[in-house]
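Chemist: Show me the folded form of this:
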Amino acid sequence: MPTRYWHRLDEGRVQCDVCPRKCSLSEGQRGLCFVRAHQDGEIVLTTFGRSSGYCIDPIEKKPLNHFLPGTPVLSFGTAGCNLACKFCQNWDISKSRETDTLADEAPPELIARAAVELGCKSVAYTYNDPIIFLEYAVETAKACRALGVKSVAVTAGYISEEPRREFFAAMDAANVDLKAFTDRFYDKLCAGRLQPVLDTLVYIKHETEVWLEITTLLIPGENDSDEELHAMSAWVADKLGPEVPWHFTAFHPDWKMRTAAPTPAGTLTRARGIALSHGIRHVYTGNVRDERGGSTYCRGCDKRLIGRDWYVLTAWNLTDDGRCRSCGERLAGVFETLPGTWGARRQPVRLAEFTPGRA
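Modeler: Residues are numbered from 1 along each chain as shown. Reported below is the predicted structural model:
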């Protein structure tokens, strides 16, 4: 599919302008992301309408704790990524260079209709970064919006200014990876830069209506020092405000960091405490079993508002309009009158079943 965000250079080359990487490509070349390519003098998206698979997940798995809790979300991705994170935990998809990875085909309208028929409140563009399949994600989000289905972006936020506006205008919620708070980390482990991610976070929070949550995967010895966590927490509190939920998750050895140590649960608890000390009100731990760190508490009276055991809701103490039943304090987020009951199930889906005339 032809795309918008590119321009011609000298000597027959074109530059992709979707992300800060600004890949300069000769005819037939693909960008680092693998899916945007120079064909016939323009940049095309080679994966439009093709996915690495569809699955119904709990919304908490994205992770989103303040957006339609307990509900199922139809999730899909494509292949490739515009960062090169050595610790990637979806590397079989994000680092794929095989078109066979893209085994499932579905146009945007089919995905939206399937979400409705499957009882999913939202569709998530996830598993690999939707920034690189922007046109497919945006067209799917438009089809979903027409049917009353929300759209969720799970992204590293590594996107340029103009496409950023189009992409997030189509989204209803986003979880953005704030991978670290140093350029050293982004350069050494991701082949990227920190500032574009910070710019994306500020843009989403202050210039859109998108519900925003943040995730930071803590890697021992790389981004888990007290100094870095205090600096990052101070920035989040100042630039994004205290109501943005923040998820600290545990690293496990994977991809090109298989010999690195896994993250101790105590590191997540320490990071959570530092963030809370800076006034951030909703800080969570993930990839470990920690009911205190996974549950939501009232900022007014500290009552547990939403209990969680992994992805299962164990308590619900919100009024119909999203307030604490004890003190009446409103909880920031997007909530329905009652929570969903999807639980921790993960259900693969073949969208061929929703296509007339196909088995």
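Chemist: ok, which stretches of the stretch 201-350 of the chain are strands?
Modeler: Secondary structure of the stretch 201-350 of the chain by DSSP state E, counting those that start in this stretch: the strands cover 211-218, 246-250, 283-286, 296-297, 304-309, 312-316, 347-349.
Chemist: and the longest one with strand 246-250, angle?
Modeler: It refers to strand 211-218. 30 degrees (axes from the mean of the first three to the mean of the last three CA atoms, to 10 degrees).
Chemist: what packs against strand 211-218?
Modeler: Counting contacts by 3 or more CB pairs under 8 Å, 6 or more residues apart in numbering; DSSP states H and E, strand 211-218 packs against strand 173-177, helix 195-207, strand 246-250, helix 265-277. All C-beta atoms are positioned from the backbone trio N, CA, C, and that covers glycine.
Chemist: Mean pLDDT, mean neighbour count and distance to Y186 added to those, as TSV?
Modeler: Shown next, in TSV, are the helices and strands packed on strand 211-218 (pLDDT from 0 to 100; neighbours: other CB atoms under 10 Å; distance: least, CB to CB, whole Å):
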stretch	mean pLDDT	mean neighbour count	distance to Y186
strand 173-177	98	24	11
helix 195-207	98	18	8
strand 246-250	97	23	18
helix 265-277	97	18	18
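Chemist: closest one to L229 among those?
Modeler: The closest of the helices and strands packed on strand 211-218 to L229 is helix 265-277. By CB to CB, the value is 4.6 Å.
Chemist: just the strands in the stretch 1-150 of the chain please.
Modeler: Using DSSP E, counting those that start in this stretch, strands in the stretch 1-150 of the chain cover 6-8, 14-16, 24-25, 36-39, 42-45, 50-51, 53-58, 72-77, 104-105, 122-125, 150-155.
Chemist: Mean pLDDT lowest where, among these?
Modeler: Of all the strands of the stretch 1-150 of the chain, the minimum mean pLDDT falls on strand 104-105 (a mean of 78).
Chemist: what's the offset of it from the middle of its chain?
Modeler: Relative to its chain's centre, strand 104-105 lies at 21 Å (CA atoms, centre = their mean, to the nearest Å).
Chemist: Point out where this structure drops to low pLDDT.
Modeler: 91-103, 355-359 (pLDDT under 70).
Chemist: got a list of what the residue nearest to the spatial centre of it touches?
Modeler: In the chain, the residue lying closest to the centroid (CA atoms, centre = their mean) is V154, at 1.4 Å. Taking CB atoms under 8 Å, 6 or more residues apart in numbering as the criterion, V154 is in contact with K62, A124, Y125, T126, Y127, D129, P130, A174, N175.
Chemist: Likewise for T3?
Modeler: Per CB under 8 Å, 6+ apart, neighbours of T3: V18, R36, E42, I43, V44, L45, L134, E135.
Chemist: Next, the buried residues of stretch 27-45.
Modeler: In terms of neighbour count (16 or more other CB atoms under 10 Å), stretch 27-45 has its buried residues at R30, G31, L32, C33, F34, V35, R36, A37, H38, I43, V44, L45.
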